[in-house]
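[1] Structure for the following, please:
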Amino acid sequence: MKPLRPAFTIIEILISVIILSLAIVPVLKLHTDNREQIIYISERNKRALQDSLYLDTAIFQQHKETKSAYELLRDSFKIKELKSREILKKNSRAIYIPEAIRITPLPEQGGPSAIINEVMLKDKHSSSYYQFTLDAFQ
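    Numbering: from 1, shown residues only. Next comes the predicted model:
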(Lines give C-alpha, C1' and ligand atoms only; values in the text may rest on other atoms or scores of the structure.)
Protein backbone atom coordinates (compact mmCIF):
# COMPACT_ATOMS: atom_id res chain seq x y z
CA MET A 1 0.00 0.00 0.00
CA LYS A 2 1.34 3.42 -1.02
CA PRO A 3 1.69 6.05 1.62
CA LEU A 4 -0.75 8.97 1.25
CA ARG A 5 0.83 12.23 0.33
CA PRO A 6 -0.45 15.46 1.82
CA ALA A 7 -2.98 17.38 -0.32
CA PHE A 8 -4.52 20.82 -0.15
CA THR A 9 -7.57 21.18 2.00
CA ILE A 10 -10.71 22.78 0.63
CA ILE A 11 -10.07 25.86 2.79
CA GLU A 12 -6.59 26.34 1.32
CA ILE A 13 -8.01 26.07 -2.21
CA LEU A 14 -10.77 28.60 -1.44
CA ILE A 15 -8.26 31.06 0.04
CA SER A 16 -6.01 30.77 -3.03
CA VAL A 17 -9.01 31.39 -5.35
CA ILE A 18 -9.97 34.48 -3.34
CA ILE A 19 -6.41 35.83 -3.47
CA LEU A 20 -6.27 35.28 -7.25
CA SER A 21 -9.63 36.96 -7.79
CA LEU A 22 -8.59 39.95 -5.68
CA ALA A 23 -5.48 40.28 -7.83
CA ILE A 24 -7.39 40.00 -11.11
CA VAL A 25 -10.13 42.56 -10.30
CA PRO A 26 -7.83 45.65 -10.40
CA VAL A 27 -6.24 44.42 -13.63
CA LEU A 28 -9.67 44.07 -15.25
CA LYS A 29 -10.71 47.51 -13.99
CA LEU A 30 -7.54 49.04 -15.43
CA HIS A 31 -8.18 47.29 -18.74
CA THR A 32 -11.78 48.60 -18.83
CA ASP A 33 -10.68 52.16 -18.00
CA ASN A 34 -8.02 52.06 -20.73
CA ARG A 35 -10.55 50.74 -23.22
CA GLU A 36 -12.99 53.56 -22.38
CA GLN A 37 -10.21 56.14 -22.78
CA ILE A 38 -9.16 54.66 -26.12
CA ILE A 39 -12.76 54.78 -27.36
CA TYR A 40 -13.13 58.39 -26.16
CA ILE A 41 -9.87 59.46 -27.82
CA SER A 42 -10.74 57.77 -31.11
CA GLU A 43 -14.23 59.35 -31.12
CA ARG A 44 -12.71 62.73 -30.24
CA ASN A 45 -10.25 62.43 -33.13
CA LYS A 46 -13.07 61.59 -35.54
CA ARG A 47 -14.96 64.63 -34.28
CA ALA A 48 -11.88 66.85 -34.72
CA LEU A 49 -11.75 65.85 -38.37
CA GLN A 50 -15.43 66.73 -38.76
CA ASP A 51 -14.85 70.03 -36.93
CA SER A 52 -12.60 71.16 -39.76
CA LEU A 53 -15.78 71.54 -41.84
CA TYR A 54 -16.85 74.35 -39.50
CA LEU A 55 -13.65 76.38 -39.46
CA ASP A 56 -14.41 78.73 -42.33
CA THR A 57 -14.43 82.49 -41.71
CA ALA A 58 -18.22 82.51 -42.30
CA ILE A 59 -18.65 80.76 -38.95
CA PHE A 60 -18.06 84.02 -37.06
CA GLN A 61 -21.59 85.12 -38.06
CA GLN A 62 -23.21 82.00 -36.53
CA HIS A 63 -23.12 82.82 -32.80
CA LYS A 64 -25.53 80.74 -30.67
CA GLU A 65 -26.87 78.78 -33.61
CA THR A 66 -26.94 75.10 -34.44
CA LYS A 67 -25.87 74.53 -38.02
CA SER A 68 -25.14 71.53 -40.17
CA ALA A 69 -21.89 71.29 -42.09
CA TYR A 70 -23.89 71.51 -45.32
CA GLU A 71 -25.46 74.85 -44.31
CA LEU A 72 -22.02 76.34 -43.73
CA LEU A 73 -20.37 74.90 -46.85
CA ARG A 74 -23.10 75.25 -49.47
CA ASP A 75 -22.16 78.84 -50.35
CA SER A 76 -18.43 78.07 -50.63
CA PHE A 77 -18.70 74.72 -52.45
CA LYS A 78 -21.12 73.38 -55.02
CA ILE A 79 -21.97 69.95 -53.64
CA LYS A 80 -23.81 68.08 -56.38
CA GLU A 81 -23.74 64.52 -55.08
CA LEU A 82 -26.83 63.74 -53.00
CA LYS A 83 -25.08 61.26 -50.74
CA SER A 84 -22.44 63.86 -49.79
CA ARG A 85 -25.19 66.39 -49.08
CA GLU A 86 -26.98 63.97 -46.78
CA ILE A 87 -23.79 63.15 -44.85
CA LEU A 88 -23.05 66.85 -44.38
CA LYS A 89 -26.63 67.57 -43.31
CA LYS A 90 -26.45 64.90 -40.58
CA ASN A 91 -23.31 66.48 -39.10
CA SER A 92 -24.47 69.45 -37.01
CA ARG A 93 -22.95 71.39 -34.12
CA ALA A 94 -24.02 74.17 -31.77
CA ILE A 95 -21.77 77.16 -32.40
CA TYR A 96 -20.70 79.78 -29.83
CA ILE A 97 -18.46 82.70 -30.71
CA PRO A 98 -17.26 84.68 -27.67
CA GLU A 99 -16.19 88.29 -28.09
CA ALA A 100 -12.84 88.74 -29.85
CA ILE A 101 -9.81 89.50 -27.68
CA ARG A 102 -7.43 92.25 -28.77
CA ILE A 103 -3.81 91.96 -27.65
CA THR A 104 -1.62 95.04 -27.88
CA PRO A 105 2.04 95.26 -26.94
CA LEU A 106 3.38 97.71 -24.38
CA PRO A 107 4.19 101.07 -26.05
CA GLU A 108 7.82 101.03 -24.89
CA GLN A 109 8.39 97.50 -26.23
CA GLY A 110 6.55 97.75 -29.55
CA GLY A 111 5.62 94.75 -31.63
CA PRO A 112 2.54 93.44 -33.41
CA SER A 113 -0.99 93.73 -32.10
CA ALA A 114 -3.29 90.79 -32.64
CA ILE A 115 -6.95 89.83 -32.56
CA ILE A 116 -7.93 86.42 -31.22
CA ASN A 117 -11.28 84.89 -32.14
CA GLU A 118 -12.51 81.71 -30.48
CA VAL A 119 -14.90 79.22 -32.05
CA MET A 120 -16.60 76.86 -29.60
CA LEU A 121 -18.37 73.84 -31.07
CA LYS A 122 -20.68 72.18 -28.55
CA ASP A 123 -21.77 68.56 -28.59
CA LYS A 124 -20.86 65.29 -26.91
CA HIS A 125 -17.22 66.03 -27.73
CA SER A 126 -17.07 69.82 -27.45
CA SER A 127 -14.08 71.68 -28.85
CA SER A 128 -12.56 75.13 -29.02
CA TYR A 129 -10.55 76.54 -31.90
CA TYR A 130 -8.74 79.86 -32.14
CA GLN A 131 -8.04 82.19 -35.03
CA PHE A 132 -5.15 84.62 -34.62
CA THR A 133 -4.94 87.68 -36.82
CA LEU A 134 -1.91 89.97 -36.69
CA ASP A 135 -3.10 93.53 -36.93
CA ALA A 136 -0.20 95.94 -37.16
CA PHE A 137 3.23 96.72 -35.75
CA GLN A 138 3.48 99.55 -33.26
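[2] pLDDT score for Phe137?
    In this model, Phe137 is scored at 67, pLDDT.
[3] Likewise for Asn91?
    For Asn91, the pLDDT comes out at 86.
[4] spatially speaking, which residue is in the middle of this structure?
    Geometric centre of the chain, nearest residue: Arg44, 3.2 Å, by Cα atoms, centre = their mean.
[5] Which secondary structure state does that one sit in?
    helix (DSSP: H, G, I helix; E, B strand; the rest coil).
[6] cool, and Asp33?
    helix.
[7] burial of it, as a residue count?
    10 (other Cβ atoms under 10 Å). To be clear about C-beta, it is placed using only N, CA and C from the backbone, and glycine gets the same treatment.
[8] Model confidence for it, exactly?
    82.
[9] element containing Arg47?
    helix 10-51 (DSSP states H and E).
[10] and that helix, how far out from the chain's middle?
    21 Å (Cα atoms, centre = their mean, to the nearest Å).
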